[in-house]
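1. One predicted model, sequence on top.
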Amino acid sequence: MEVCRAGKEYVLGKQTVVALQDVSLTVSRGEFMALAGPSGSGKSTLLNLIGCIDTPSTGTIRIKGQDVSGRTADELADLRLNTLGFVFQTFNLLPVLSAWENVEFPLQQQRGVDKNTRQERVAHYLKVVGLERFAHHRPNELSGGQRQRVAIARALATHPGIVLADEPTANLDHRTGESILQLMKDLNREEGTTFIFSTHDRRVMEMADRVIELADGKITE
């Protein structure tokens, strides 16, 4: 994955806000990388550009060697579904669905994944995150740490090349945050999945292969 001279501007009323400017970055397959910096530094903006949730005002984002600029909304949705996994600080689980159904949901959108494959993957990843006994619990019946584990299982079930984690430990207590981080590090080692974090958490930075510091929309040396 490659970011080449990416910039992002937003127009707020009569004002133009520069959220990111001239950022270049290459992420190797299997990396466990952290984007760090104070609030407003541009790390979440950069994560959103990599995740094709937003598009750069200038520069390019390449995923699997393909420039994602100029892609249609459907093409970007397809890329997010089949190449990227997402773990958010607020979990973003569907409250009316069980843990099993939340993990299965993105698989139902993937073409060529039959029912047996879906069930095998859901069972496998719920077991990987230690929640097989809670498969039929809804999010409001789970603790914060358990909900984050469901979110990780959901992110991995589609077999993404890259998992993007936006402050994944922010809403968790210290001990739970540690176990979630260790789980992601183990998955990174065992499955070769690339992880990119946006974080304030010193523990994430210490565990990362590489930390990219941002300030005022730029990478600091």
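-> Great, that's in hand. All values derive from a computational prediction rather than experimental measurement. Numbering: from 1, shown residues only.
2. Which pLDDT value belongs to Ile50?
-> Listed pLDDT for Ile50 reads 95.
3. Start the count at 352 instead of 1 going forward.
-> Yes, from this point I'll number from 352; that puts the last item at Ile401.
4. Can you give me the distance of it to Val454?
-> Computed with CB to CB, to the nearest Å, the distance linking Ile401 and Val454 is 23 Å. The way it works is simple: take the backbone N, C-alpha and C, and place the C-beta from them, glycine included.
5. between those two, who's got more neighbours?
-> Remark: of Ile401 and Val454, Val454 carries more neighbours, 30 against 24, as counted by other CB atoms under 10 Å.
6. Who are the contact partners of the more buried one?
-> Neighbouring residues of Val454 by CB atoms under 8 Å, 6 or more residues apart in numbering: Arg472, Val473, Tyr476, Leu477, Val501, Ala504, Arg505, Ala508.
7. again, only using 6 Å
-> Going by CB atoms under 6 Å, 6 or more residues apart in numbering, Val454 touches Val473, Ala504, Arg505, Ala508.
8. per-residue confidence for it?
-> 97.
9. Wait, Leu523 touches Gly495, no?
-> Yes: at 5.5 Å, Leu523 counts as touching Gly495 under the criterion of CB atoms under 6 Å.
10. Neighbour count for the two, which is higher?
-> Between Leu523 and Gly495, Leu523 has the larger neighbour count (other CB under 10 Å), namely 20 against 15.
11. In what element of secondary structure is Val501 found?
-> When elements are assigned from DSSP states H and E, Val501 belongs to helix 495-508.
12. my bad, Asp429
-> Short version, using DSSP H and E: Asp429 is in helix 424-434.
13. List the contacts of that helix.
-> With CB under 6 Å, 6+ apart as the test, helix 424-434 has contacts from Cys403, Gln460, Pro511, Gly512.
14. Now do the same contact list for the residue nearest to the third one when sequence neighbours are not counted.
-> Counting by CB to CB, 6 or more residues apart in numbering, the nearest residue to Pro511 once its immediate chain neighbours are dropped is Gly436, at 3.8 Å. Contacts here follow CB under 6 Å, 6+ apart; on that basis Gly436 touches Ala506, Pro511, Val514.
15. Next: Arg484.
-> Arg484 neighbours (CB under 6 Å, 6+ apart): none.
16. Now do the same for it: its pLDDT.
-> The confidence metric pLDDT takes the value 97 at Arg484.
17. With the one 5 residues further on instead?
-> Taken from the predicted model, the pLDDT recorded for Arg489 is 98.
18. Give the burial count for it, as a bare number.
-> For Arg489, the neighbour count with other CB under 10 Å is 16.
19. how about the helices of this protein, start to end?
-> With DSSP state H, the ranges of helices along the chain come out as 394-401, 424-434, 450-460, 466-479, 495-508, 525-542, 553-558.
20. of all the ones you listed, which lies closest to Ile570?
-> Nearest of the helices of the chain to Ile570, taken as CB to CB: helix 394-401 at 9.0 Å.
21. Show me what that closest one is in contact with.
-> In contact with helix 394-401 (CB under 6 Å, 6+ apart) are residues 357, 359, 370-371, 386, 388, 405, 407, 412, 515, 517, 549, 565.
22. at 7 Å what do you get?
-> Here helix 394-401 makes contact (CB atoms under 7 Å, 6 or more residues apart in numbering) with 352, 354, 357, 359, 370-371, 374, 386-388, 405, 407, 412, 515, 517, 547, 549, 565.
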